[in-house]
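Q: Just a sequence and a predicted model for now, questions to come.
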Protein chains: 2
Amino acid sequence: MIDIFSLKVEEIALKIKNVQLTSVEVCEKYIEKINKFEKDLKAWVYFDEKLLLEKAAEADEYRQSGKPIGPLHGIPIAIKDIVGTVDMPTECGTVIKKEKSFSQNAEIIDLLLAAGAIVMGKTATAEFAYLGPPKTTNPHDHSRTPGGSSSGSAAAVASFMAPLSIGSQTGGSVIRPASYCGVVGYKPTYGLISRNGVLKTSEKLDHIGMFGKTVEDVALLAKVLIKKDKFDSATVDYSADGLLEETKKGPLFEPKFIFYKTDYWKNVEKKSREAFEYFVKSFKNNIEIFDAPSYFKDIHKYHQIIYETDLANNFGLYYKKYKKELSKPMQDAIVNGNNHSAKDYAKAIDFMKTSYEFHEEVFKEYHGVLSPSSPGVAPKSLKSTGSAEFNRVWSYLGTPCISLPLLKGESEMPLGVQLIGAKFNDHKFLGLANWLEKKANN
Amino acid sequence: MIDIFSLKVEEIALKIKNVQLTSVEVCEKYIEKINKFEKDLKAWVYFDEKLLLEKAAEADEYRQSGKPIGPLHGIPIAIKDIVGTVDMPTECGTVIKKEKSFSQNAEIIDLLLAAGAIVMGKTATAEFAYLGPPKTTNPHDHSRTPGGSSSGSAAAVASFMAPLSIGSQTGGSVIRPASYCGVVGYKPTYGLISRNGVLKTSEKLDHIGMFGKTVEDVALLAKVLIKKDKFDSATVDYSADGLLEETKKGPLFEPKFIFYKTDYWKNVEKKSREAFEYFVKSFKNNIEIFDAPSYFKDIHKYHQIIYETDLANNFGLYYKKYKKELSKPMQDAIVNGNNHSAKDYAKAIDFMKTSYEFHEEVFKEYHGVLSPSSPGVAPKSLKSTGSAEFNRVWSYLGTPCISLPLLKGESEMPLGVQLIGAKFNDHKFLGLANWLEKKANN
């Protein structure tokens, strides 16, 4: 009997291809976990066991036809409930009924289907992918938040209810839940993955991201999703060819990392700080420690101005018509967004490129930046999704970042190590992440 | 005796290279014109005959050394007085004393010098390259504006006081004065030429542009100026190799143009309208006429929001300290800029990419868009620099545009034909402009 939970997704896909496993068998394994854990985890907002098994049976039938199959053929994938799907509702974490805009497949859903993947169901998201938490709990401790806003997507992968999932990040919505749930969370460079058909919260800050058990798993998924789309004008031509191969190969030279002690470092809880310090020490030949650049402070401010203003533009009508149905943080953000000045927004936009140019110099000297993925382990509450203070800067700059589940903090809860790299260099970046994952686990 | 005024700049440069002409002889010809016309034209704010001749003599001496020389060796070029120069003051069209920021050579000055060009002097600009007019008059009628804000640069080339000049455009500051003065004015795609060391009025809208007598002349100059600069983060890698050759070669197929009848068309004065209609008729196999896309209206509004906000950010301190020294239009713009909301600015920024994507579809069907360069000939006044209503859209979209001196309007004053092309396609674009110039002059 094959233990699929010990396999990489690429291996599962290969076994499906070679008829050693069927997609139905694979899906049944995940359904077992769902039946076991979902009652406590509340990771799914839409899941239909029957529909999934039908799709899996279709995939198996197609495979038997002998036609060429895609790299994710028969693999079920969980989708954050802000991504439009034609055969499942899209609720975006709110009770407010939205127009038909998300009743079509998002571009990334079509890319998944073209690769043979199966849309498994929709996972719980914070309200409009912002801060209002869903009911989802942390797989390691049900009294703790799984993080957000991609709460269900992180929890589903952590609890083996799905091999892979799609999330999104505007502040820290991929890296933070990955850290809290103890899975790999990857947000590629801004502009690599289309957001067409996905809830728009901020044109300049919204990224598609993903969760998996290993760096190789997310690389396989990213390869399928990275594609220029004329309906998302932020997307660029970036070939994903060889992404998985480069990931496996890793860096040619011994890598050099930088760790910034930001002002937020002192907020990190003691156990987590010790764990990260121990990690830095164990890589002492590879990691240099510096104070964070002074402009990081401005970036936190600018990120907030852009995010709140864009929320006010994109959700202003809801605020007018359904104010009471919105969470307090969402209401506050929209009120703030209504009051920001064009002058401040202009500065925030102009500084995006300038500050990245500063930072590009760092990436000439160092292969990557390291930091904790979150200021400690998952907080003991379901009322908040935790803090994005270690993630905002990188969402603003649009750099690739990944959270690796390498550490344990307070109460043996997982804590992620965040790796950040230069933009439009995701091949080498994932290779570096893979190196770090292997090295740290040895 | 060689008549340099009948030669293309490339030919003058070749004669200097081949010792058929010296740079001193060339400069003396332009100095003659300056001594004759400048009293009425007031195109220069800094011009030192002795300094120019010294530089020319140096260029001649260098040439005699036998060392390799650049494509503009010994050619004098007039510079808009918002471009920083180490050996000449930079006043930006205002009496307000600025910091030392423009006492260094701008990146484009260094590129000119590296190509062997000689910085001739500084030409009059509207106040801070906005609307407050300088004293410059129109070479064809001293009671009329030369247009602005690159007033002196256009007038100097029109009156043979310089073979080439540098200007800039944020609204219509290259195309409009080119139209009014009867010269070629070219604004390349946004991001091709560095603005480092040039007065910044709007990060998103500021472009470097240039003036010459022919399309080939500006192509030669553009080739020298187009270069990615890490100190202007808007610049991109775009090779200018073969730019002049492609310009000369022209289009491979019979080109197809589109002419939009915008809402502004009815504002065009009768004689100019007739001239343009006659032009369209004479190219009837090449030009199709359509109404302008409805979103052009939004673009005019968005252009204003971005421009005024950025002026408020960049000149807010002057407004506080020297309000009385600022023109009324500048004061108004800053007051408006202080009052725009972040929400409107965000929409204006987001629509830049989206609206260009719309427009890119047009450039798949048509090689270029044509329109008058200005709503008629130069107005009979020195109190205003005229209207940028035919130019703003293209500054906002960042497309290449060029004004060709092909028509005559009221009182036989010149009127430009504006050609607009797809972004990052300036090679083909200039080839098209060259084709149009030749065809119309036959």
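A: Perfect, I can see it now.
Q: which residues does the residue positioned nearest the centre of chain A contact?
A: In chain A, the residue lying closest to the centroid (Cα atoms, centre = their mean) is residue A:174, at 3.1 Å. Neighbouring residues of residue A:174 by Cβ atoms under 8 Å, 6 or more residues apart in numbering or on different chains: A:150, A:154, A:167-168, A:185-187, A:207, A:209-211, A:403. Where C-beta positions appear, they are placed from N, C-alpha and C, glycine not excepted.
Q: one more time with 10 Å, if that's ok
A: A:80, A:147, A:149-150, A:153-154, A:166-168, A:185-187, A:207-211, A:373, A:391, A:395, A:401-403 (Cβ atoms under 10 Å, 6 or more residues apart in numbering or on different chains).
Q: Equivalent analysis for residue A:83, please.
A: Residue A:83 touches A:90, A:92, A:102, A:105-109, A:112, A:119, A:122-123, A:125, A:153, A:166-168, A:195, A:197-199, A:208, counting by Cβ under 10 Å, 6+ apart.
Q: rerun at 6 Å
A: Contacts for residue A:83 (Cβ atoms under 6 Å, 6 or more residues apart in numbering or on different chains) come out as A:106, A:198.
Q: Which residue, other than its chain neighbours, is closest to the residue of the stretch 101-250 of chain A found nearest chain B?
A: Residue of the stretch 101-250 of chain A nearest chain B, by Cβ to the nearest Cβ: residue A:233 (3.8 Å). Nearest residue to residue A:233 in three dimensions, chain neighbours excluded: residue B:353, at 3.8 Å (Cβ to Cβ, 6 or more residues apart in numbering or on different chains).
Q: Show me how far stretch A:119-132 is from its chain's centre.
A: 12 Å (Cα atoms, centre = their mean, to the nearest Å).
Q: So for that stretch, mean pLDDT?
A: For stretch A:119-132, mean pLDDT rounds to 98.
Q: what comes up buried for it?
A: Neighbour counts over stretch A:119-132 (16 or more other Cβ atoms under 10 Å in any protein chain shown) mark A:119-132 as buried.
Q: Check stretch A:108-120 too.
A: A:108-113, A:115-120.
Q: can you tell me the distance between the two ends of it?
A: In stretch A:108-120, first residue to last residue: 14 Å (Cα to Cα, to the nearest Å).
Q: Show me the contact partners of that stretch.
A: Looking at what lies outside stretch A:108-120 - Cβ under 6 Å, 6+ apart - the contacts are A:52, A:55, A:69-73, A:75-79, A:85, A:162, A:224-225.
Q: still on that earlier bit, same list (the buried residues of stretch A:119-132) but as a markdown table, adding distance to residue A:24.
A: Formatted as a markdown table, the buried residues of stretch A:119-132 follow (distance: Cβ to Cβ, whole Å):
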| residue | distance to residue A:24 |
| --- | --- |
| A:119 | 16 |
| A:120 | 13 |
| A:121 | 16 |
| A:122 | 21 |
| A:123 | 22 |
| A:124 | 26 |
| A:125 | 28 |
| A:126 | 33 |
| A:127 | 35 |
| A:128 | 35 |
| A:129 | 32 |
| A:130 | 37 |
| A:131 | 39 |
| A:132 | 37 |
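Q: Please identify which of those is nearest to residue B:5.
A: residue A:129 (64.5 Å; Cβ to Cβ).
Q: Give me the buried positions along the longest helix anywhere in chain A.
A: Ordering each helix of chain A by length in residues (DSSP state H) puts helix A:296-322 first. Using 16+ other Cβ under 10 Å as the test for burial, helix A:296-322 gives A:296, A:299-300, A:302-315, A:318-319.
Q: give me the subset of the residues you listed touching chain B.
A: Filtering the buried residues of helix A:296-322 for proximity to chain B by Cβ under 6 Å from any Cβ of the partner chain leaves A:309-310, A:312-313.
Q: got the residues of the stretch 251-400 of chain A near chain B?
A: Checking the stretch 251-400 of chain A against chain B by Cβ under 6 Å from any Cβ, the hits are A:309-310, A:312-313, A:340-343, A:345-346, A:349-350, A:353-354, A:357.
Q: Give me the pLDDT value at residue A:100.
A: On the pLDDT scale, residue A:100 is placed at 60.
Q: likewise the one 10 residues further on?
A: Model confidence at residue A:110, expressed as pLDDT, equals 98.
Q: cool, residue A:306 as well?
A: In this prediction residue A:306 is given a pLDDT of 98.
Q: try residue A:294
A: As predicted, residue A:294 sits at a pLDDT of 88.
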